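Peer 1: what would the 3D arrangement of this be:
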Amino acid sequence: MKMCVPPFEMPADDGSVVTDRSLAGSRYVLYFYPKDDTPGCTKEACSFRDANDTIRERGAEVWGVSPQGAASKRAFRRKYREAPDLLLVDD
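Peer 2: Numbering: from 1, shown residues only. Got it, this is the predicted structure:
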C-alpha cells in the first residue's frame with residue numbers, strides 16, 4: 001500500500017533537517033508522540049527501539065516526532081537507548 005504524506009521539513013536531534021523530499025522513494029515509519037520522557041511515550045519509543053532490527057530488515061527506518069526541541073530529544077534517546085534512527089522536532 002502506498003501512502004502519501006503532506007510536505008514537511010523538520011529538524012532532527014543531530015542538527016540535520018529531514019523533509020518529505022529527502023525520504024521520497026524510501027520506506028519509513030513516522031510515529032508521533034506528545035512529549036519526550038513521559039511514561040506512555042517512553043513505552044511507545046522503546047517498542048520501536050526493540051523492533052528496530054526487524055523494521056530495518058524490511059528496508060524501513062523509524063522516525064519519532066514530537067514538539068520538544070533537539071536537546072530534549074537527545075536526552076531522551078540517551079536515557080532509553082532509543083532506536084538509532086533520529087527523532088524529529090515538530091515545532
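Peer 1: show the average pLDDT along the helix or strand containing residue 22.
Peer 2: Per DSSP states H and E: residue 22 is located in helix 20-23. Mean pLDDT, computed over helix 20-23, is 93.
Peer 1: likewise for stretch 75-85?
Peer 2: Averaged over stretch 75-85, pLDDT sits at 78.
Peer 1: what about it, start to end distance?
Peer 2: One end of stretch 75-85 sits 14 Å from the other (Cα to Cα, to the nearest Å).
Peer 1: again, but for stretch 14-32
Peer 2: Note: stretch 14-32 ends 18 Å apart using Cα to Cα.
Peer 1: go through it and flag the buried ones.
Peer 2: For stretch 14-32, the buried set under the neighbour-count rule, 16 or more other Cβ atoms under 10 Å, comprises 18, 29-30. The way it works is simple: take the backbone N, C-alpha and C, and place the C-beta from them, glycine included.
Peer 1: one more: stretch 56-73?
Peer 2: Result for stretch 56-73 [16+ other Cβ under 10 Å]: buried residues 61-66, 68, 70, 72-73.
Peer 1: among the buried residues of stretch 14-32, name the ones in strands.
Peer 2: 18, 29-30 (DSSP state E).
Peer 1: of those residues, closest to residue 90?
Peer 2: Nearest to residue 90, judged by Cβ to Cβ, of those is residue 30 at 9.9 Å.
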